[in-house]
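Engineer: this one's sequence-less:
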């Protein structure tokens, strides 16, 4: 017979109060999904390099491609993905499109990630 996932007798029931308290602060499934999608965006090293290249100032695709070391086509594709994830914004400057990070949260996420791996 399969045990019920809420059968606390398996672990002695010592943490029932803690579990109940944490249930109130656990994010809802939609928020968890969106957070997982955000981290999925950061799972590609080219996308991370692109974000780093536009952290401090806006850049066009050709400059980003040179900095990142990949083709303009590949950069354009990744920028489209990053725009859909609301990590990147753009503005037109004549015929040129200039890209930058969408807000300061992007820099914070990258900074905290770098701090974490450097420990």
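Structural biologist: Now that the structure is in, tell me what you want to look at. What you see is a predicted model; the values in this text were computed from it and never measured. Residues are numbered from 1 along each chain as shown.

Engineer: buried sites along the longest helix along the chain?
Structural biologist: The longest helix of the chain (DSSP state H) is helix 104-118. By neighbour count, and taking 16 or more other CB atoms under 10 Å as the criterion, the buried residues in helix 104-118 are 106, 109, 110. To be clear about C-beta, it is placed using only N, CA and C from the backbone, and glycine gets the same treatment.

Engineer: cool, and stretch 62-70?
Structural biologist: For stretch 62-70, the neighbour count (16+ other CB under 10 Å) marks 63, 64, 65, 68, 70 as buried.

Engineer: picking up where we left off before, same for the longest helix of the chain, what does it pack against?
Structural biologist: Under the contact definition 3 or more CB pairs under 8 Å, 6 or more residues apart in numbering; DSSP states H and E, helix 104-118 sits against helix 45-53.

Engineer: could you point out which element follows the helix or strand bottoming out on mean pLDDT in the chain?
Structural biologist: In the chain, the helix or strand scored least confidently by mean pLDDT, DSSP states H and E is helix 16-23, which has a mean of 85. Downstream of helix 16-23, the first helix or strand assigned by DSSP states H and E is helix 29-41.

Engineer: run through who's touching that next one.
Structural biologist: Among residues not part of helix 29-41, those counted as contacts by CB atoms under 8 Å, 6 or more residues apart in numbering are 27, 47, 81, 82, 85, 87, 109.

Engineer: tell me the angle it makes with helix 45-53.
Structural biologist: Comparing the axes of helix 29-41 and helix 45-53 via axes from the mean of the first three to the mean of the last three CA atoms, to 10 degrees yields an angle of 90 degrees.

Engineer: quick one: helix 29-41 to helix 104-118, angle?
Structural biologist: Helix 29-41 runs at 70 degrees relative to helix 104-118, counting by the same axes, to 10 degrees.

Engineer: how about the buried residues of stretch 62-70 in a markdown table, adding pLDDT and secondary structure?
Structural biologist: As requested, these are exported to a markdown table (pLDDT from 0 to 100; DSSP: H, G, I helix; E, B strand; the rest coil):
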| residue | pLDDT | secondary structure |
| --- | --- | --- |
| 63 | 97 | helix |
| 64 | 98 | helix |
| 65 | 98 | helix |
| 68 | 96 | helix |
| 70 | 96 | coil |
